[in-house]
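Q: Any chance you can model this:
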Amino acid sequence: MNGVMLVTGGSRGIGAAVAVLAARNGFDVAVNYREDERAASAIVEAVRSSGVRGLAIKADVAVEADVVRMFEAVDTFGPLKALVNNAGITGGFARVADLNGPALERMLAVNVTGAILCAREAVRRLSTVWGGDGGSIVNVSSLAAKLGGAGEWVHYAASKGAIQTFTVGLAREVAGEGVRVNAVAAGIVDTEMHLAAGDPHRAKRTGATVPIGRAATPHEIAEAIVWLTSPAASYVTGTILEAGGGR
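A: Numbering: from 1, shown residues only. Predicted coordinates for the structure are as follows:
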């Protein structure tokens, strides 16, 4: 067994795929969710089918008290070894001139503040300075951080740019403390995110424009994420791994 992996936003999409794959690789998995308890329970059952332990934890990563409580629940579950900062929202499609203030604040609270708060709690458990045995943090980013998201979601792209800067900085800060920090910048992925943003056909339509000729599956992105938490990536930190099909 590899210890516990906490996957935020683990009840669907990339997070769900990470949880299931991590279980197959020997991790006990804590699946964080905000609303959909049924979906989280289904992923926990899939995790347990691999012969490891699974736990669903309800928490809003944008709320500091929820984040602290979530990590305390993980402490009672088992020793944390990896955090996958996957929870995220797009804030919807909008040009910058048409942005809604409250929606923008919520998106930044989830995508940026939430990820940083979760990383803070993870470092306090993984870092050798804090008495930990080391471990890994993987932040889920997007190629939008490089491409800009013009005409659709510049605001979302900016949040992922912040996460990539945070990844590099934190990696250098804790590299000597046994903690590796990386990010996976995903391209077009066939998940419910596009439906939630208001365009259910976006993955298929834009996927056709990718050099590889299609959108990624959540499992393909999960493979990159779980690899970064594995001993095979023991010398990899501060890296933004692009999984974009050549985009």
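Q: Could you use CA atoms for every contact and neighbour count after this?
A: OK.
Q: Validate this expectation: residue 184 resides in a helix.
A: No: counting by DSSP: H, G, I helix; E, B strand; the rest coil, residue 184 is not part of a helix but strand.
Q: Was I right to think it contacts residue 237?
A: No: using Cα atoms under 8 Å, residue 184 is not in contact with residue 237, being 11.6 Å away.
Q: which residues touch the longest helix that the chain contains?
A: Looking across the chain with DSSP state H, the single longest helix is helix 154-174. Here helix 154-174 makes contact (Cα atoms under 8 Å, 6 or more residues apart in numbering) with 89-91, 95-96, 104, 107-108, 111-112, 115-116, 127, 139, 141-149, 179-183, 237-240.
Q: Narrow those to those in strands?
A: Residues of these located in strands (DSSP state E): 139, 141, 142, 179, 180, 181, 182, 183, 240.
Q: Among the residues you listed, which one lies nearest to residue 232?
A: Closest to residue 232 out of the ones in strands among the contacts of helix 154-174 is residue 180 (12.4 Å), distances taken as Cα to Cα.
Q: ok, which stretches of the chain are helices?
A: 13-24, 37-48, 64-77, 101-108, 115-126, 144-147, 154-174, 193-197, 202-207, 218-228.
Q: now for those, which one comes closest to residue 244?
A: Using Cα to Cα, these put helix 218-228 closest to residue 244, at 9.1 Å.
Q: elements contacting the closest one?
A: Helix 218-228 makes packing contacts with helix 13-24, strand 135-142, strand 179-186, strand 240-243 when contacts are defined by 3 or more Cα pairs under 8 Å, 6 or more residues apart in numbering; DSSP states H and E.
Q: quick check: mean pLDDT across it?
A: For helix 218-228, the mean pLDDT works out to 98.
Q: Check what contacts it and list those residues.
A: With Cα under 8 Å, 6+ apart as the test, helix 218-228 has contacts from 13-15, 17-18, 21-22, 84, 136, 138, 182-184, 186, 189-191, 233, 236, 241, 243.
Q: The most centrally placed residue in the chain and residue 114: what is the separation?
A: The chain has residue 86 as the residue nearest its centroid, 1.7 Å off, counting by Cα atoms, centre = their mean. From residue 86 across to residue 114, the span is 10 Å (Cα to Cα, to the nearest Å).
Q: Same check on residue 41?
A: For residue 41, the distance to residue 114 - Cα to Cα - is 22 Å.
Q: Give me the more crowded residue out of those two.
A: residue 114 (24 against 18; other Cα atoms under 10 Å).
Q: Sketch out the low-pLDDT regions of this structure for me.
A: Low-confidence segments of the chain, defined by pLDDT under 70: 1, 193-199.
Q: For it, identify the residue most remote from the centre.
A: residue 97 (28.4 Å).
Q: nearest to residue 60, of the helices and strands packed on helix 218-228?
A: Of all the helices and strands packed on helix 218-228, helix 13-24 sits nearest to residue 60, with 14.9 Å by Cα to Cα.
Q: Check which helices and strands the closest one sits against.
A: strand 4-7, strand 28-33, helix 37-48, helix 218-228.
Q: Just the residues contacting the longest one, thanks.
A: Surrounding helix 37-48, the residues in contact under the criterion Cα under 8 Å, 6+ apart are 10-12, 16, 19-20, 23-24, 28-29, 31-33, 53-56, 58.
Q: Kindly recompute the last result at 10 Å.
A: Residues outside helix 37-48 that contact it (Cα atoms under 10 Å, 6 or more residues apart in numbering): 9-12, 15-17, 19-24, 26-34, 49, 52-58.
Q: What is the burial count for residue 208?
A: 14.
Q: again, but for the one 3 residues further on
A: Here the number of neighbours of residue 211 (other Cα under 10 Å) works out to 11.
Q: list the contacts for the nearest residue to it once chain neighbours are set aside?
A: Nearest residue to residue 211, sequence neighbours excluded (Cα to Cα, 6 or more residues apart in numbering): residue 246, at 5.5 Å. By Cα under 10 Å, 6+ apart, the contact list for residue 246 reads 187, 210, 211, 212, 213.
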